[in-house]
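# Starting from these lines, generate the structure:
(2 chains)
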2 protein chains.
Amino acid sequence: MRDAALPDRVKIVEVGPRDGLQNEPTFVPTASKVEWIGRLVGAGVKWVEAAAFVSPKWVPQMADGAQVLHEIARGQGVVFSALVPNVKGLDAALAAQCDEVAVFAAASETFSQKNINCSIAESLERFAPVVDRAIAAGVRVRGYVSCVLGCPFEGEIDAAQVASVATRLYQMGCYEISLGDTIGTGTPLKARRMIEACAKDVPVSALAGHFHDTWGMAIANIYAALQAGIATFDSSASGIGGCPYSPGATGNVATEDVVYLCHELGIATGIDLPALIDAGRFISDVLGRPTSSNVARATQARARLARA
Amino acid sequence: MRDAALPDRVKIVEVGPRDGLQNEPTFVPTASKVEWIGRLVGAGVKWVEAAAFVSPKWVPQMADGAQVLHEIARGQGVVFSALVPNVKGLDAALAAQCDEVAVFAAASETFSQKNINCSIAESLERFAPVVDRAIAAGVRVRGYVSCVLGCPFEGEIDAAQVASVATRLYQMGCYEISLGDTIGTGTPLKARRMIEACAKDVPVSALAGHFHDTWGMAIANIYAALQAGIATFDSSASGIGGCPYSPGATGNVATEDVVYLCHELGIATGIDLPALIDAGRFISDVLGRPTSSNVARATQARARLARA
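Presented below is the predicted three-dimensional model:
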C-alpha cells in the first residue's frame, strides 16, 4: 500500500550510539558499542552517528569515540558521523576518519546559553570555520537545531526563529539540517507548520526530522512530517537515551517504531526489522534496561504468547 | 492553532471503566470504580462506558455493573453506557437505567468464533432484536467492530469486510459504529483507507475510532482518522486495560494522550487535562501499576524535576 503524496524511501539516521548513549547513566564499554554498531549495520542501517568529540569531562560516555571509529568495520557503504562542538573536535573527528560531522545549534536562546554556554548567534559564528574546514577536508556537515517545537526553559518557540537558525546552518554549508523536538512536546500540526517555515529557505530534501517520544507524539509527528515532504529521520534503536528534561521518560523515538511505520506505509528503509529488534535487544541488555520501543515490546510479547 | 480540515471538537468516549478494567488482572472494588468514574466526570468526561452485562463467570471484573450504575452520580448530562451481548444483558442494562448500550461484533470470522462463539452473520442476527428492543425502550445503541486493522488469528483484514459489518450494524439501528484496532498493529494509511471504505455507506459522523497503542501507532492513527473526518474516539484513562493478545504491552490508547493531541491541534474536548491526569493516577494507584499514558508520565516527570 502506497500513498503517492508520501516519499517512497526514507533515510534513517541511527543516533543511538551517540545521542542515545550520551544520555544513559550506564557507561558502555567500547567493545559493546562496537558490537552494537556492527549489529545495526548488519540490520541494514546505513547512517550511524557513532561518536562525539567533546570534552570527556562533560561527556564521559563519549570519551572512547576515536577507538570506536577505529574498531568498527568500515568500507561497507555506511556513513559514520560524529558530533563536533568546535575546530578542535573537528580535527579529532577527521583524525578518526569520520565520514561526516555534525554541529549542534538551538532555536532557543536560553537553551543555547544553558547547553553550550553562548548565544545562538555566537554558536553560529563558532560553527562557520568548523563547517568550512570540514568541507575543505572533503567531509560533509550535518547541522542540528534543537528545541524546534518547544524549549524546557522558554516553552513555545516561534517557527520563524527555527527557520532562521536552519537557514543560517544551510547557508553556512551544512548539507542537511536535523530539526529536533528536544523535549518531545511537539504535535503534528505544529510540526508541519515548523517544517513549512523552514522549507521556505531550505529545500525540504535537506531537512530531517528528529523527534522525541516523551509525550507519545513522535510517530504522529513523523507521519505529519512525511506528509510535509520530509524523507530523513533520526532515531535511536530501542529508544536508547531517555529524556534529560523528563527523567524516567522516553527520549529519542525508537528506530524500530519508525521502521515499522515506514514499512507499513509502503516506504522503503533498507532495514530488516527483526534484525533491528535483535540489535536493540542487545544494547538494552548491555544497559540493563527495558526497551522503549513499542514495536519491540509488542513483538517480544507476541513471541512469548506463541511459546506459551 | 487550527487546521480547517480537522474537526473543531471531538467526542471522547471513556472506555476505561469497562473495556479497560475488564482486561486488568486486579479486581477493583465497586467503591473504587464509582470514585474513579466520579473523578473522570469531574474532569469533564461526558461519555463513559461504565459496565458490561455479561456472564460474571466469564467476566468477573464486571459482575457489579448494576451496583456501579446505581451508585454513580447521574443527571449531569453524562451518558453512561454498558456492553450487552444479548437480550438478557440488555434487560439488565435497562433495569440499571443505562443511557446507552453497546453490541460487539468482529470483522474477523476467526475472532468472532473465538471471542463470542459464533460467526459474524450469527452475531449480527443475534444483535438485531437487541437493537430493536433498546430503541423501543428509548435507549441508543453503539456498535463495535473489532479487528478492523488486523486479527490476532487471521492477520490482515480486508477493509471491505470491515465496511460490510459496520454498514450492517448501522442499518440495524446503531447510531454510532466504533471501529476497533484490537491488536494495535494498524498504521495511518491503512486506518485512513479502512475509514474511507466504511464511510461509503455509513456517514463519517457516525463512525468512531477505537485505537490500541500496542505497537505505538495509536496517536498517529488518530491523527490520520481526524484527517479522514472522524470526530469521535474511544480511549481509556491511564491506558487501563493492556492487550490480551500481547501480554505486558499497552492496549487502549490513553485518554490523556488523545486529549493532549486534540488540544494541541486546536480541537476542543471539554476535558480538563490536569484533572484527567489526576483521575488516571487514582485508578493506576488502585491497580498498583504504572500509567500507560505518555503524557501523564512526562507531566509527572516534569513535576518531579520542578520539585528537585
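# center of chain A - which residue?
Against the mean C-alpha coordinate of chain A, by Cα atoms, centre = their mean, the closest residue is A:D234 at 3.7 Å.
# quick one: it is in a strand?
Yes - with DSSP: H, G, I helix; E, B strand; the rest coil as the criterion, A:D234 is part of a strand.
# Now do the contacts for it.
A:I12, A:V13, A:V15, A:D19, A:E49, A:S178, A:G180, A:A208, A:G209, A:H210, A:F211, A:N252 (Cβ atoms under 8 Å, 6 or more residues apart in numbering or on different chains). All C-beta atoms are positioned from the backbone trio N, CA, C, and that covers glycine.
# One more: A:W215?
Counting by Cβ under 8 Å, 6+ apart, A:W215 touches A:G184, A:T185, A:G186, B:D257, B:Y260, B:N294, B:V295, B:A298.
# Next, it: phi, psi?
Torsion angles at A:W215 (phi, psi; degrees, to the nearest 10) stand at phi -100, psi 10.
# Next: A:Y260.
Here the main-chain torsion angles of A:Y260 (degrees, to the nearest 10) amount to phi -60, psi -50.
# coming back round to it: for the contacts of A:W215, could you give me CSV that also reports pLDDT?
Formatted as CSV, the contacts of A:W215 follow (pLDDT from 0 to 100):
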residue, pLDDT
A:G184, 95
A:T185, 96
A:G186, 97
B:D257, 98
B:Y260, 98
B:N294, 95
B:V295, 96
B:A298, 93
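# For chain B, what is the nearest residue in the stretch 51-200 of chain A?
Residue nearest to chain B within the stretch 51-200 of chain A: A:T187 (3.7 Å; Cβ to the nearest Cβ).
# I'd say that residue and B:E264 touch.
Yes - when contacts are counted by Cβ atoms under 8 Å, A:T187 is listed as touching B:E264 (3.7 Å).
# the more surrounded of those two?
A:T187 (25 against 18; other Cβ atoms under 10 Å in any protein chain shown).
# ok, the more buried one - contacts?
Residues near A:T187 by Cβ under 8 Å, 6+ apart: A:L149, A:M217, A:A220, A:N221, B:Y260, B:L261, B:E264, B:L265.
# Low-confidence ranges, chain A, go.
A:1 (pLDDT under 70).
# can you map out the helices along it?
Taking DSSP state H as the criterion, chain A carries its helices at A:21-22, A:30-42, A:65-71, A:87-95, A:109-116, A:120-136, A:159-172, A:188-198, A:218-227, A:255-264, A:273-287, A:294-307.
# Name the residues that touch the first one?
When you say that, I think you mean helix A:21-22. By Cβ under 8 Å, 6+ apart, the surrounding residues in contact with helix A:21-22 are A:V28, A:K33, A:A52, A:V59, A:Q61, A:M62, A:I240, A:G241.
# Kindly report the same for the third one.
The contact list for helix A:65-71 (Cβ under 8 Å, 6+ apart) reads A:17, A:30-31, A:33-34, A:37, A:50-53, A:80, A:82, A:92-93, A:95-98.
# how about 7 Å then?
With Cβ atoms under 7 Å, 6 or more residues apart in numbering or on different chains as the contact definition, helix A:65-71 has outside contacts at A:30, A:33-34, A:50-53, A:80, A:82, A:92, A:96-98.
# Also the last one?
With Cβ under 7 Å, 6+ apart as the contact definition, helix A:294-307 has outside contacts at A:238, A:254, A:256-257, A:260, A:277, A:280, A:291, B:213-216, B:246-250.
# now the residues you listed: which count as buried?
Buried residues within the contacts of helix A:294-307, defined by neighbour count using 16 or more other Cβ atoms under 10 Å in any protein chain shown: A:238, A:254, A:256-257, A:260, A:277, A:280, A:291, B:213-216, B:246, B:249-250.
# Out of those, which comes closest to B:E24?
Each of the buried ones among the contacts of helix A:294-307 was scored against B:E24 by Cβ to Cβ, and B:T250 proved nearest at 12.7 Å.
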